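Asks: starting from these lines, generate the structure:
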Amino acid sequence: MGQPQVQLPTDVNTEQMSDYRQSEISLLPRVWIVAPSPPPHGGMSVQAEKLQKRLAGEGIAAELIATNPPPPRSLKSLAQMPVIRTVLREIQYLISLGRIVRGPGVVHHFSASYAFFFLHSAPLLLLGKCSPAKVVLNYRGGKAAEFLRTWSWLTRPLLTCAHQIAVPSEFLQRVFADFGLAATVLPNLADTELFPFVDRKQFSPRLFVSRNLEPIYDIECVLRAFRTVQEEVPQAELSIAGEGSESDRLRRCVQRWGLCGVTFCGAVPHQQLPALYQRHDVYVNASRVDNFPGALLEAACAGLPIVTTRAGGIPEMIRHRDNGLLCDVGNDRQLANCILEILHHQNLARQLARHARSWVEQFAWHNVFPHLLRCYGFASDQTTGLREQLLAH
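Replies: Residues are numbered from 1 along each chain as shown. Down below sits the predicted model:
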């Protein structure tokens, strides 16, 4: 999928082109990234951290405003109580939003459904109406259709307060269009440098999952599939990186079913994930609701063949038998059969891994960055003005 490119002048020399790029970047306004910060190490917090580092690397001032700020040290004991913790965080968050009303810039807000939207997105969108900053609402999450259908009477007026709605996939773009809301596609970033491709000579039965232990990711389905795989391949192993509300129940399932070789890694910082990908050979995902999961991008970067359910927008990422294998949501037997097919057909595994690595390159920073600039409105008026100034000299 080709991404729009920033159009640089063609009638200046190389040295001028370099100066031009630095001048263009230096004149760009500040970016405030409003998103969760880890822990937990979820998809939005990971993408927000990547974005901040990448923008800083381009010379663009980017500041992270956490929707889940840590409590003041003096109130840490009170923050142990869930309701009080939520109230404290919301107060701290609302105070921190005062930064965006002080001057021009871009607010890049990572948003989701239900409580997150009403607690974090709604006040930001309302505040954005009296701020000189441009608000880009980057909506993520597979429950968008259900959420918009249930709360459209309230969410649509709020969403129209954003200067631009961005979504990570054409799947979500169509969902928003169904509710009369225009959205532009701004893909997730694939960290091709952090997750280097390993061209495996052999794909052993070491399976890996890096999703949080929540019902929407259906880790139980993975465990059921693994039980079937292990009946045929007794030496198979499964590692699960993530934490969540289902942690205790899933551990009990492993004990009750007598599964061997299952490792719960807990919450793993993003920078430590590449080593886990390198130690495994097949990536498994059984999510019931999804959009454009960054975990599949990571697996593709690292050279793991992907076996996943067809949840949400995943079929627009993974093409069956081209860059991965697809199965029905909740069908652990199909999931197991796909895993076994990869283990028994090494050439297929190698082909899937290589095709996935070629596919994921389109989401590398150098391809996404021009699109991001256009989304921020940085690459049109300013580019034209700078070109005229440069040629004048």
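Asks: for the rest of this, base every contact and every neighbour count on C-alpha atoms.
Replies: Fine.
Asks: any stretches of the stretch 1-150 of the chain with poor pLDDT?
Replies: The stretch 1-150 of the chain contains residues with pLDDT under 70 at 1-28, 40-41, 79.
Asks: try it again at 90.
Replies: Low-confidence segments of the stretch 1-150 of the chain, defined by pLDDT under 90, span residues 1-29, 37-43, 69-89, 98-104, 129-131, 140-143.
Asks: how's this protein carved up into domains?
Replies: As recorded under automatic domain parsing, the domains making up the chain are 29-186, 206-362.
Asks: out of the ones you listed, which comes closest to His371?
Replies: Set against His371 and scored by C-alpha to C-alpha, the domains of the chain come closest in domain 29-186, at 7.1 Å.
Asks: how long is the closest one from one end to the other?
Replies: Using C-alpha to C-alpha, to the nearest Å, one end of domain 29-186 lies 20 Å from the other.
Asks: before we move on, what about stretch 206-216?
Replies: Note: stretch 206-216 ends 23 Å apart using C-alpha to C-alpha.
Asks: cool, and stretch 228-243?
Replies: 24 Å.
Asks: residues making contact with it?
Replies: The contact list for stretch 228-243, computed with C-alpha atoms under 8 Å, 6 or more residues apart in numbering, reads 205-213, 226, 260-268, 333, 336-337, 339-340.
Asks: which of those residues fall within helices?
Replies: Counting by DSSP state H, those place Phe226, Arg333, Ala336, Asn337, Ile339, Leu340 in helices.
Asks: export the domains of the chain as JSON lines, with columns for distance to Tyr376 and mean neighbour count.
Replies: Output for the domains of the chain, formatted as JSON lines (distance: least, C-alpha to C-alpha, whole Å; neighbours: other C-alpha atoms under 10 Å):
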{"stretch": "domain 29-186", "distance to Tyr376": "7", "mean neighbour count": "18"}
{"stretch": "domain 206-362", "distance to Tyr376": "20", "mean neighbour count": "20"}
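Asks: tell me the one of the ones in helices among the contacts of stretch 228-243 nearest Arg288?
Replies: Of all these, Arg333 has the smallest distance to Arg288: 15.3 Å, by C-alpha to C-alpha.
Asks: my guess is that closest one contacts Ala225, does it?
Replies: Yes - in this structure, Arg333 is within contact of Ala225 by C-alpha atoms under 8 Å, at 6.1 Å.
Asks: need the domains of the chain in JSON lines (columns: distance to His371).
Replies: Shown next, in JSON lines, are the domains of the chain (distance: least, C-alpha to C-alpha, whole Å):
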{"stretch": "domain 29-186", "distance to His371": "7"}
{"stretch": "domain 206-362", "distance to His371": "12"}
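Asks: for Phe195, which of those domains is the nearest?
Replies: Evaluated over the domains of the chain, closeness to Phe195 peaks at domain 206-362, with 5.2 Å, by C-alpha to C-alpha.
Asks: gap between that closest one and the chain center?
Replies: Domain 206-362 sits 17 Å away from the centroid of its parent chain (C-alpha atoms, centre = their mean, to the nearest Å).
Asks: endpoint to endpoint, it covers what distance?
Replies: 28 Å.
Asks: begin at 893 from here
Replies: From this message on, residue numbering opens at 893, which makes the last subject domain 1098-1254.
Asks: am I right that Trp924 sits in a helix?
Replies: No - if the criterion is DSSP: H, G, I helix; E, B strand; the rest coil, then Trp924 is strand and not within a helix.
Asks: now it: how far from Glu1106?
Replies: Look at Trp924 and Glu1106: by C-alpha to C-alpha, they are 29 Å apart.
Asks: next one: Val993
Replies: Here Val993 is placed at a distance of 36 Å from Glu1106 (C-alpha to C-alpha).
Asks: please apply the same query to Asp1083.
Replies: Here Asp1083 is placed at a distance of 25 Å from Glu1106 (C-alpha to C-alpha).
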